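J.: how would this look folded up:
(3 chains)
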Amino acid sequence: MAKPRNSPSLLQHSLALRWTLPLLAALCALPWVAAALGDSFYVTLATRILVFALAATSLNLILGFGGMVSFGHAAFVGVGAYTVGILMQHGVSSAWLAWPLAMAVSALLALLIGAISLRTQGVYFIMITLAFAQMLYYLAVSLKAYGGDDGLSLPGRSTLGGGMELTDTTLYYLTLTLLVATIVFITRLLNARFGQALQAIRENEVRMAALGYAVLRYKLVAFTLAGALAGLAGALLANQGSFVSPSLMQWSQSGMLMVMVILGGVGHVLGGLVGAAAFLLMEEFLGHMTEHWQLGLGALLLLVVLVAPQGLMSLLKRRAA
Amino acid sequence: MGILLLEQALNGLQLGLMLFLLAAGLTLVFGIMDMVNLAHGSLYMVGAYLIATVSAVADSFWVGLGVGVLATALLGMLLEVSVLRRLYSRDHVTQVLGTFAILLMCNEGVRMVWGSQPISLNPPAALAGPVELLPGFYYPAFRLLIIGVGLATALVLYLLVTRTRMGMQVRAGASNRDMALAMGTNVQRLFTAVFGLGAALCALAGGMLGPLLAVQVGMGESILILAFVVIVIGGIGSIRGALVGALLVGLVDSGGRTLLPMLFEALFSPQVAADAAPAVASILIYVLMATVLAFKPRGLFPAHG
Amino acid sequence: MSTAPLLQVKDLVKRFGALAATDHAKLTVQPGQIHALIGPNGAGKTTLIHQISGALHPDAGHIVFDGHDVTHQPIHRRVHRGLARSYQITNVFLRLSVLDNLALALQAVDGSSLRFWKAAHAEAQRMERAAAVARRVGLAQRLDALAGALSHAEQRQLEVGLALASAPKLLLLDEPLAGMGPDESQRMVELLHSLRSETTLLLVEHDMDAVFQLADAISVLVFGKVIASGAPAAIREDAEVRRAYLGDEV
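T.: Residues are numbered from 1 along each chain as shown, chains lettered A, B, ... in the order given. Take a look at the predicted model:
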C-alpha cells in the first residue's frame, strides 16, 4: 500500500483558499467601495490590473510552468485586441462572437508560431518568438485601414445582448469572473496529467523524452492554450481602453509581461495576478510621486532579482510557511 | 541604377559595421559569461549622450568621441563589477529581469540628466559635406568615416582576438568556459575586461551613429533587437559570426527598405506598395534569421564545439 | 537457436566531423539475454546507446528492434515499442520524490497525458504501481524522499527504476554501476540478475567483475567498431580483445 504523502509534490498546486477567498471577496466588493468613495477611477485601474493579470497568467503557464521563455507573448494579446477592433469596424460588436473569435485567432497563430519556434532551444527560442512578434507588430503597423501606427479607436464596447451594457462596473465583474475561471482552470490543469507532464518537461526535458513523452506535443498544446488566453486578455483590453494600437505588440510589452510574471512568482498559480498588481500599482502610485518612477521600478526589480529570485510569491509563501 | 545599388551597398555596409560593433560585445558577453544582457543597448545610448555632451563642451567631435568611449568603458566595467557579476550564475530568465531593470534605470537616469528631448550630436565640420566617389556620385563624407572606423575596429578586434593572450583566453572561454577556468584563466579580470571592451564598442557605435539617427532615450532598444538578431544569425560567441551576421543584416535591411518599394510598385498598385513595402522591409531581417536558423539551428559560426 | 533477435544493429555509422564515432557497428541481442557492451574509453559506447534509443540519428545503417526498423523513429515511438534506457550520469527529477519520479515514468506509457481536469495524483492504481517498481529496485523505504536527497547508489537504483517502469522488452543500461562501491555494486548486480525473467538487458559497463558475473553475451566496441561478439569465455580468450582492451589482467 503506497504510503500517504506527507508533503505535496513540487508539481502540485493549490488555490490556497484560505487566502484567495478573502481576496476574491474584497475584489467583489471593490466597485461598491469605489462608488461609496465617489471615485470610479479605482474600478478602471482594477480592471486594467485584472486584464494584465490574465495576460500574465497565460504567460506564466508557458514560462513558469512550462519553462518556455517566450519573448513574443504580447503579440497574442495584441492579436486578440485587434480581432475585436477589426470586427467592430465591420459592424460585429457582439462579445459572444468577437471574444471567442479573438481567442481562436490568437490560438491559431500560437499554434503556427509554436510549431516552428518550439523546435529550437534556449536563446534561439527566445529570439524566434521575438522575431515572430515583431513581424506581427509590423503587420499591424502596415494596416492603414485599421489605424496603422496611430492605432484604432473603437466606437464603443462589445455588446452583451439582452439589454445589458458593458459599463465600467460590468466590465470589471466580467473580467474578474474570467480571471477567476482561468486561474481555477489552470490550477486543475496543472494538477492533471497534462500539467504534471508539462512541469516535468520543465524540470528535465531530456528525461521526459527518454521516458516516452512526445515532448513537443505537450509544449505546443500549452503554447496554443496560452495564446488563446492571451487573446482573451487582448479582447478585454480593447474594451477597457476602447483603443487598440500596434504598441500593444511591441517586444517591450512582452518584456513587461515577463517582468510581471517573474516579479509575481514564476511557477505559482497566483504569480500572474500578484505580478500584474505589483507592477501596475507601482506604475500608478510611484508615477504620482515622481515622473522618474521608472528609476524606482528598476531599482526594485533589481532588488527582487538579487534577493527573491523566485518572485514575490515565494516571499509570501516563506512567511506563511 | 548602378549608382543606386552602389549607394545602397555602402549604406548597408555602414549599418552592418556599426551593428558589428554592438554585436561583438554582446556575443562575447553571451558566449563567455553566458549572460543575456538587455542593458547592452543602454551602454550604446549612454555612450552617445556622453560623446554628444563632451563634443559640445569641448567644441570638438574627436575629443568628445575619445572621452566618451573611455568614460563608457569605465562605466561598463563599474556596472560589471558591482551588479552584473552576480547574474552570471543565474538562469537566463533571471538575467533578463535583472538587465531589464538596469535598462529601465539607465533610461530614466538619462532622462533625469538630459531631459526627454533628443539632443544633437554634430559630425566634425570637415566631414559634414559629400565626397565625390565616382563622377556624378556623391556620398556623405561622414558615412565614409563610419565605414572606415568600422573596418579599422574589425581589424583591431581580429588582431586582438587572434594574436594576443587575452584574445586567446576570450576564444577559449567562448568555446568552453569550464575548461578555460580549469586552465587557470583569471576569470574575474577577464570578464571585466571583456565587458569594458564591449561597452567601449557600444559607445563608439553610438558616437558614429549619433549624428545620423537621433540621440534620444530609448535609442538603445531598437538597435539592441537588431544586435540580437545579428548574433543569433552569426552564432553566439563568435566574433567572425558577428561580423558576417552584421553585414548580412545591414545589407538586407538597407537594401530591402530601398528596393522593396520599387519592386512592389512595379508589381502591385501604388497604394499596396506604399502600405505593404515598409512592413515587409521591416520583417525581412527576421525572415532572414528564421531562414538561417532553419538550416543552421545554432547560427552560421557557433563558437561552442 | 532460431528465435528472432530482439535487437539488430546493422552497419551503423555516425560521424562527428572527421571522426567516425560509430564505424559500421554490428550488434545482435537475443531476447532474454543479458548482453554486455564493453570497450575502452572513447570507444563510442554511449554514442551507440544514443542511436539505439533515438537520441541521436545515425548517418548510415539500420537499427531493427522487435522486427521493426526504428532507425529514424523518434524516441517516444521506440519507448512505446518497448525500448527503454537509463543514463550513465544520473538524470532523474531531482526536485521530485522517488514515488513521483516513478509515477511520471508510468504515466508515459499508461494512456494519454492529454487530460486536463482530473488530478493525476488521485490515480491510486498508478501510484500503487509506482510503489511496486520502487520496491523492485530496492527503494521501498525511500518513496517520499526527494531524488536529489538520495545517495549516489540509490539514485542509480532510481535510474534503473525509471527505465524499468515502462515494462520494456529491451532495457538499455548505460553504466548502471558507475561510481558505486563494492557492496552497492553487488546489490545492483543482484538486481540486474533478477530482471532476467522480465526483460532483455543491453548494458554498457566498465566493471569487469560485474560483466563476467552477469553477461550471457559480450560485445566489444573499439573505435566505433565491434571487434568481437560472443560468449564471455570466448571473449576472455580472444587475442584481439586482449590486445585492444583487457590487456593481460583478466
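J.: for the chain, what spans make up the strands?
T.: Since you didn't name a chain, this refers to chain A. Assigned by DSSP state E, chain A shows strands spanning A:152-153, A:243-244.
J.: right idea, wrong chain: chain C
T.: Here chain C has its strands, by DSSP E, at C:7-16, C:19-29, C:34-38, C:60-65, C:68-69, C:83-85, C:170-174, C:200-204, C:217-222, C:225-230.
J.: quick one: closest of these to chain A.
T.: Taking Cβ to the nearest Cβ, strand C:83-85 is the member of these nearest to chain A, at 5.9 Å. All C-beta atoms are positioned from the backbone trio N, CA, C, and that covers glycine.
J.: residues making contact with that closest one?
T.: With contacts defined as Cβ atoms under 8 Å, 6 or more residues apart in numbering or on different chains, strand C:83-85 is touched by A:210-212, C:49, C:52-54, C:65, C:70, C:163-164, C:166, C:168-174.
J.: quick one: distance of it to the chain centre.
T.: 6 Å (Cα atoms, centre = their mean, to the nearest Å).
J.: list the contacts for the residue lying farthest from the centre of chain C?
T.: In chain C, the residue that sits farthest from the middle, by Cα atoms, centre = their mean, is residue C:117; the gap is 34.5 Å. Neighbouring residues of residue C:117 by Cβ under 8 Å, 6+ apart: A:188, A:189, A:192.
J.: if we go to 7 Å?
T.: Residues near residue C:117 by Cβ atoms under 7 Å, 6 or more residues apart in numbering or on different chains: A:188, A:192.
J.: mind putting the strands of chain A into CSV with mean pLDDT?
T.: Listed next are these as CSV, based on pLDDT from 0 to 100:
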stretch, mean pLDDT
strand A:152-153, 89
strand A:243-244, 92
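J.: make CSV out of those strands and add distance to chain C and mean neighbour count.
T.: Listed next are the strands of chain A as CSV, based on distance: least, Cβ to the nearest Cβ, whole Å; neighbours: other Cβ atoms under 10 Å in any protein chain shown:
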stretch, distance to chain C, mean neighbour count
strand A:152-153, 35, 17
strand A:243-244, 31, 22
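J.: check the gap between residue A:159 and chain B for me.
T.: In this structure, residue A:159 and chain B are 31 Å apart, going by Cβ to the nearest Cβ, to the nearest Å.
J.: same list (the strands of chain A) but as CSV, adding distance to residue C:145.
T.: Shown next, in CSV, are these (distance: least, Cβ to Cβ, whole Å):
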stretch, distance to residue C:145
strand A:152-153, 58
strand A:243-244, 53
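J.: looking at these, which is closest to residue B:139?
T.: strand A:152-153 (41.2 Å; Cβ to Cβ).
J.: which other helices and strands contact the closest one?
T.: Here strand A:152-153 touches no other helix or strand, going by 3 or more Cβ pairs under 7 Å, 6 or more residues apart in numbering or on different chains; DSSP states H and E.
J.: same thing but 8 Å
T.: Applying 3 or more Cβ pairs under 8 Å, 6 or more residues apart in numbering or on different chains; DSSP states H and E, one finds that strand A:152-153 contacts helix A:73-89, strand A:243-244.
J.: pLDDT-wise, which helix or strand of chain C ranks last?
T.: The helix or strand of chain C with the poorest confidence is helix C:239-241; it has a mean of 84 (mean pLDDT, DSSP states H and E).
J.: buried ones in that one?
T.: Residues residue C:241 are the ones in helix C:239-241 that count as buried (16 or more other Cβ atoms under 10 Å in any protein chain shown).
J.: name the helices or strands packed onto it?
T.: Using 3+ Cβ pairs under 8 Å, 6+ apart, the elements in contact with helix C:239-241 are strand C:225-230.
J.: so what strands line up beside the strand it packs on?
T.: Strand C:225-230 sits in its sheet next to strand C:217-222 (antiparallel), going by DSSP bridges.
J.: isn't residue C:232 right next to residue C:212, touching?
T.: Yes. Counting by Cβ atoms under 8 Å, residue C:232 does reach residue C:212; the two are 5.4 Å apart.
J.: end-to-end on stretch B:84-96?
T.: Distance between the two ends of stretch B:84-96: 11 Å, counting by Cα to Cα, to the nearest Å.
J.: what's the burial count for the residue of the stretch 1-150 of chain B found nearest chain C?
T.: Closest contact between the stretch 1-150 of chain B and chain C, by Cβ to the nearest Cβ, is at residue B:91 (14.3 Å). Neighbour count of residue B:91, defined by other Cβ atoms under 10 Å in any protein chain shown: 14.
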